[in-house]
Every structure is written in structure tokens, then in C-alpha cells.
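Participant: I'll drop the sequence and a predicted model, then ask my questions.
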Amino acid sequence: MTANATYFGNAAWAQEYLDFCHRDAHFRSRWLAAGGEWTDKVVIDLGCGPGNVFATLGGKPRLLIGVDVAPGSLKLAAGLGYTTVLADAAHTPFRSHVADIVAINATLHHCDDMTAVLREGARLVKPDGILITDHDPQLTAWDYKGLARLLWDARLWVYRMTGRGFHKTGSQQSWGLKTEVHHRPGDGVTKEFFESTLQPLGFDVRVHPHNHRIGAEALAGELGRAQWKYRMGNVLSGRDPASPASALSLMCIARRTAGEEPEAG
């Protein structure tokens, strides 16, 4: 939480993130296919950062709430039209079943307890409302082994030497890596994780693997083509880079079809 507040609270780093992440036409197409327009909807964006999702989708929500732990990012989000709330995404101050859409984009892997955040997002969804998560690393795709693992670790030095975006200085790279607690080889999300967490809470769960550069077609089973470095990482790890298990991210679209189950005991 401290790392997220520090990294995404830095004005320059947050602005860079807003300008370049989750802003392309593929992202917009995929999210509109998943949840439709946000106009006239009550939307809660957990881990909203500087507001990338709304900046890309647009629309006129009836109420747009952004939750984050980084005040610097929330300031940028407020400028886009968010009503901002400084809070832990696993413990929000809202009543249950209040949102038409709960968005959790590129957030779960930044949180200590991914299950707690996903359950909190589910708690906020109205009957027949939708929870959408995206851009969390798929465990099987990032589980690099052998030479692939060595090259993966070496990339950080290359990024620093070339001044690549988000790694321009040692401080920026260090804090950025500290935020991604579940974005490491052998960690990440799975289809089973989403289903086992959300189905008992009364949700119909659909999980769509994709390689980022794919729009609405991802919901029809197309993966898109990953960059060469990720394909090579999977080949060197003994996996087919074209398989769903090698897709970089999972998009989860979960619709509440029943009331939340009472806690056991």
C-alpha cells in the first residue's frame, strides 16, 4: 500500500501512466463490449489511479466514484470527473449493492490480498450489475523458467540503460516494481481464482484470456498476438505461445444473478 501511494502519488509518474496506459482503441473496444456505455450508470472504479479507464471510455455516468490510495493520482482523476475517495480497495466505506458497474482494471496484482479486493468489488454490485476486471497477469503466462527467467530478470537493466518509459530512473523503477506484488514469475490470476471467488457470491463468471492488442474479439475467444519478447519467453519455458494459457492477461466479466450468499457459520 505504501508503494502504491508513493509511486502513483508522484505527479510526474501518475501523469505518464495516465497518458500511456490503457488508452488505446483495443482497450476501449474490449471494455465497451464487456460492460457497455457508462452513461447514466453508477460506476465504482476500484484502484482507479489517475483515471485511465474513464479517460478512455468516456460517457456521462450518473455517478462515477474512484477509489485509490494515492492522493496524487486521485487529484488527476478528479480533474476527469471522478468523485474521489482515498481508501483501501479491500475496505471501502460504501453500502452493498449500489453500483451498476464495478471496474477493477490493472489493480488486483497491486494489492496484498487479491481475493479480498475482488470480494469487496463484488459486494458493491447491484442485482444484474456487472463486475469487470482486466489487465492482471495470468499466472501460467508469466511463469518463466530457465533461460526465459534469466532474460526476464535482465530486462530491468536494459530498461534502465535505454531510459524506457516507467523505468527512467532507479527510484521510479524500484517503486514501480514494489507495487506489483502479484506480477512475478509463478504468481498472477487464474480462471479458477475468479470462479471460486465470485460464483459462491451469486455471479455468472466469464473469463477471457487476451494479449492486450485485441478489442471486442477477445470476448469471442480471440487472443490477439503478443509482442515477440513474451512469445519468446513462453517458447523458452516450454509452452505454446499461441495457447490461451500463454495469454498475458485475463479479463473477467461477472454479472450478479443472485443475492450475496450469507457467510458460513
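Facilitator: Thanks, I have the structure now. Because the structure is a prediction, the values reported are computed rather than measured. Numbers count the residues shown, from 1 in each chain.

Participant: what bits of the protein have low per-residue confidence?
Facilitator: 164, 259-265 (pLDDT under 70).

Participant: tell me the strands in it, going along the chain?
Facilitator: 42-46, 63-68, 83-86, 99-105, 125-137, 203-210, 249-256 (DSSP state E).

Participant: centroid residue for this structure?
Facilitator: Ala106 (1.9 Å; Cα atoms, centre = their mean).

Participant: how far away is the residue nearest to it when sequence neighbours are not counted from Leu147?
Facilitator: Among residues not flanking Ala106 along the chain, His135 sits closest, at 3.9 Å (Cβ to Cβ, 6 or more residues apart in numbering). C-beta coordinates here come from the backbone N, C-alpha and C atoms, glycine included. Noted for His135: a distance of 27 Å to Leu147, by Cβ to Cβ, to the nearest Å.

Participant: ok, now Val67?
Facilitator: 41 Å.

Participant: more neighbours: which of the two?
Facilitator: Per other Cβ atoms under 10 Å, whichever of Val67 and Leu147 has more neighbours is Val67, with 29 against 12.

Participant: dig out what the more buried one forms beta bridges with.
Facilitator: Leu46, Val85 (DSSP bridges).

Participant: ok, the residue nearest to Ala106 - contacts?
Facilitator: 22, 105-106, 212, 249, 251 (Cβ atoms under 8 Å, 6 or more residues apart in numbering).

Participant: just the buried residues of these.
Facilitator: Those of the contacts of His135 that meet the buried threshold are 22, 105-106, 212, 249, 251, by 16 or more other Cβ atoms under 10 Å.

Participant: between the residues you listed, which sits nearest Arg123?
Facilitator: Using Cβ to Cβ, Asn105 comes nearest to Arg123 of the buried ones among the contacts of His135, at 18.1 Å.

Participant: quick one: the closest one and Leu131 touch, right?
Facilitator: No: using Cβ atoms under 8 Å, Asn105 is not in contact with Leu131; the gap is 11.4 Å.

Participant: picking that back up, the residue nearest to the centre of the chain contacts Asp136, correct?
Facilitator: Yes: Ala106 is within contact range of Asp136, at 6.8 Å (criterion: Cβ under 8 Å).

Participant: now do the helices in the stretch 101-250 of the chain.
Facilitator: Secondary structure of the stretch 101-250 of the chain (DSSP state H, counting those that start in this stretch): helices at 114-123, 139-142, 147-162, 170-179, 191-198, 228-236.

Participant: ok, now how distant is His167 from Tyr230?
Facilitator: His167 is 17 Å from Tyr230, by Cβ to Cβ.

Participant: cool, and Gln173?
Facilitator: In terms of Cβ to Cβ, Gln173 sits 19 Å off from Tyr230.

Participant: next: Ser96.
Facilitator: 39 Å.

Participant: higher neighbour count, the two?
Facilitator: Taking other Cβ under 10 Å, Ser96 and Tyr230 do not tie; Tyr230 has more neighbours (20 against 12).

Participant: can you pull the phi/psi pair for the residue nearest to the centre of the chain?
Facilitator: phi 50, psi 40 (degrees, to the nearest 10).

Participant: residues contacting it?
Facilitator: 21-22, 47, 49, 134-136.

Participant: cool, Phe194 as well?
Facilitator: 118, 133, 205, 207, 250, 252, 254.

Participant: for the nearest residue to Ala55 once chain neighbours are set aside, the count of nearby residues, please.
Facilitator: In this structure, Ala55 finds its nearest non-sequential neighbour in Leu80, 5.6 Å apart by Cβ to Cβ, 6+ apart. Leu80 is flanked by 18 other residues according to other Cβ under 10 Å.

Participant: next up, the contacts around Leu80.
Facilitator: Counted by Cβ under 8 Å, 6+ apart, Leu80 has contacts 50-51, 54-55.
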